[in-house]
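Participant: Okay, predicted coordinates and the sequence, questions at the end:
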Amino acid sequence: MNKAKFALLLTLILLFPMIISSGSAHIRPQQMAVTLPATSPVEKSAASKTFGIIYPMTYPTYEMITKDATEYAGKHNITLIVNAPDEANTEQQIRIMENMIKQHVDGIAISPVDAAALTPVIDAAQAAGIPVITFESDVPTSHRIAYVGADNYRTGQQFAMTTTRLLHNQGMILVENGLEEMQGLQQRLNGFIDYIRSETDIEILEVRYHQGNEDQAMSDMENMIQAHPHFNAIIGLDFVSVSASTLIWKAKGLNRHLIAFGDSPTSENGLLNGQLSAVISQNEEVWGTKMMETLLLASDGVPVKEFIDTGIIEINQEAIN
């Protein structure tokens, strides 16, 4: 073999491993991508989920909860479908939920207007393999897997204890509540009345329901104030009552106690401006995250706690400052 042929052969020998190596590096990932099982843990954890949230009605406080849920969803590859009747309406809630079942969402969170009416559709979702959780108001007789919120009877008792302290265990009060058929709000009212009647000398002059309508809430309170001018406090047990009552306090310049429900920009402003004496909250600002966390676990088949307790707190002007 002459020197030229020997040099050519030597070059080919040296280059051959590089060609194999380069070819293998290009082919192997393609093979892995083709043979990787579709149900592998890697793909499952990265798969997008779609969750639905159904509110009793459209209202600013629920926008805060949606914002919290949306921030969590954005970090966990979750698509949210958020819906609510324009005004509290059981039939619309049922239709919204039925549509979500038809869309085969991966989970639903609902604050039910009417527990008895929503039970069959909640059970239908569960039967279709869609985990359902409730928040704000529970439906324990249904097949829902969890409730996110606080004990509403105990929340009513906390309202009563705060009222008792502010009124020094005496006086006359007016009460405004939301949806008469909403189980959570009825439990809240029952806890409040039971404590006031058994533990205090306070007289409940009148209780009214605005049925989720802010204009009706304002009308109710104005009529109660006119009928009972010597009242000492108004108690608003739901989200809608707080905005209506602070508007009345601002317009009339009332120097009476006003106790409201729900930590929101409206209630915080009411405390700072001296219109509200106290706010009872179930830490609503974390509901969105807790709902998403629970649905994410449940949709992956992981057991969840039946009661995700967000607690009950009293907020006053000192706490806000």
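Facilitator: Structure's in. What do you need?
Participant: what's the closest non-adjacent residue to Gln211?
Facilitator: Leu179 (5.8 Å; CB to CB, 6 or more residues apart in numbering). Glycine gets a C-beta too; all of them are placed from N, C-alpha and C.
Participant: shouldn't that neighbour be in contact with Ala88?
Facilitator: Yes - between Leu179 and Ala88 there is a contact under CB atoms under 8 Å: 5.5 Å.
Participant: which residues are in contact with both of the two?
Facilitator: With contacts defined as CB atoms under 8 Å, 6 or more residues apart in numbering, the residues adjacent to both Leu179 and Ala88 are Pro56, Val113, Gln211, Gly212.
Participant: Could you pull up phi and psi at the second one?
Facilitator: Torsion angles at Val113 (phi, psi; degrees, to the nearest 10) stand at phi -70, psi -50.
Participant: That one and Glu181 touch, don't they?
Facilitator: Yes - if you go by CB under 8 Å, Val113 and Glu181 touch, sitting 6.6 Å apart.
Participant: Who has more neighbours out of the two?
Facilitator: Using other CB atoms under 10 Å, the more surrounded residue of Val113 and Glu181 is Val113, with 27 against 18.
Participant: residue contacts, Gly171?
Facilitator: Ile202, Glu203, Asn232, Ala233.
Participant: Which of the three states applies to it?
Facilitator: strand (DSSP: H, G, I helix; E, B strand; the rest coil).
Participant: before we move on, what about Gln216?
Facilitator: Applying three-state DSSP: Gln216 is helix.
Participant: Not counting residues beside it along the chain, what's closest to Leu185?
Facilitator: Of all residues not flanking Leu185 in the chain, Gly178 sits nearest, at 5.0 Å (CB to CB, 6+ apart).
Participant: Sorry, slip of the keys, the one I care about is His143.
Facilitator: Spatially, and ignoring its direct neighbours in sequence, His143 is nearest to Gln126 (4.2 Å; CB to CB, 6+ apart).
Participant: The one you found reaches Arg144, doesn't it?
Facilitator: Yes - with contact defined as CB under 8 Å, Gln126 reaches Arg144; the gap is 7.4 Å.
Participant: okay, those two: which has more neighbours?
Facilitator: Legend: neighbour count by other CB under 10 Å for Gln126 and Arg144, higher for Arg144 (24 against 16).
Participant: My understanding was that the more buried one contacts Ile122; is that so?
Facilitator: Yes - in this structure Arg144 lies within contact range of Ile122 using CB under 8 Å: 5.4 Å.
Participant: Between these two, which contacts overlap?
Facilitator: Residues touching both Arg144 and Ile122 (CB under 8 Å, 6+ apart): Val132, Thr134.
Participant: what does stretch 201-214 contact?
Facilitator: 56-57, 87-88, 163-164, 167, 169-180, 189, 193, 196-197, 216-217, 220-221, 224, 227-228, 231, 240-241, 243-244.
Participant: Quick one, which of those residues are buried?
Facilitator: 56-57, 88, 163-164, 167, 171, 173-179, 189, 196, 216-217, 220-221, 224, 231, 240-241, 243-244 (16 or more other CB atoms under 10 Å).
Participant: how about the helices in the stretch 51-200 of the chain?
Facilitator: Applying DSSP state H, counting those that start in this stretch to the stretch 51-200 of the chain gives helices spanning 60-75, 90-102, 115-127, 152-166, 183-199.
Participant: and the next element down the chain from the longest one?
Facilitator: Downstream of helix 183-199, the next assigned helix or strand under DSSP states H and E is strand 201-209.
Participant: residues touching Glu293, list them.
Facilitator: Glu293 makes contacts with Tyr72, as judged by CB under 8 Å, 6+ apart.
Participant: Specify the angle between whichever helix or strand it is part of and helix 60-75 in degrees.
Facilitator: Glu293 is part of helix 287-299, with elements assigned from DSSP H and E. Here the directions of helix 287-299 and helix 60-75 differ by 50 degrees (axes from the mean of the first three to the mean of the last three CA atoms, to 10 degrees).
Participant: how about the helix or strand following helix 287-299: buried residues?
Facilitator: Counting by DSSP H and E, the next helix or strand C-terminal to helix 287-299 is strand 307-309. Going by neighbour count (16+ other CB under 10 Å), the buried part of strand 307-309 is Ile308.
Participant: What lies in contact with strand 307-309?
Facilitator: Residues outside strand 307-309 that contact it (CB under 8 Å, 6+ apart) are Ala146, Tyr147, Val148, Gly149, Ala150, Asp151, Lys290, Thr294.
Participant: could you redo the last one with a cut-off of 7 Å?
Facilitator: Applying CB atoms under 7 Å, 6 or more residues apart in numbering, the contact partners of strand 307-309 are Ala146, Tyr147, Val148, Ala150, Lys290, Thr294.
Participant: What strands flank it, and is each parallel or antiparallel?
Facilitator: Looking at strand 307-309 with DSSP bridges, its partner strands are strand 146-149 (parallel).
Participant: and the residue nearest to Leu185, how far is that from Phe307?
Facilitator: 22 Å (CB to CB, to the nearest Å).
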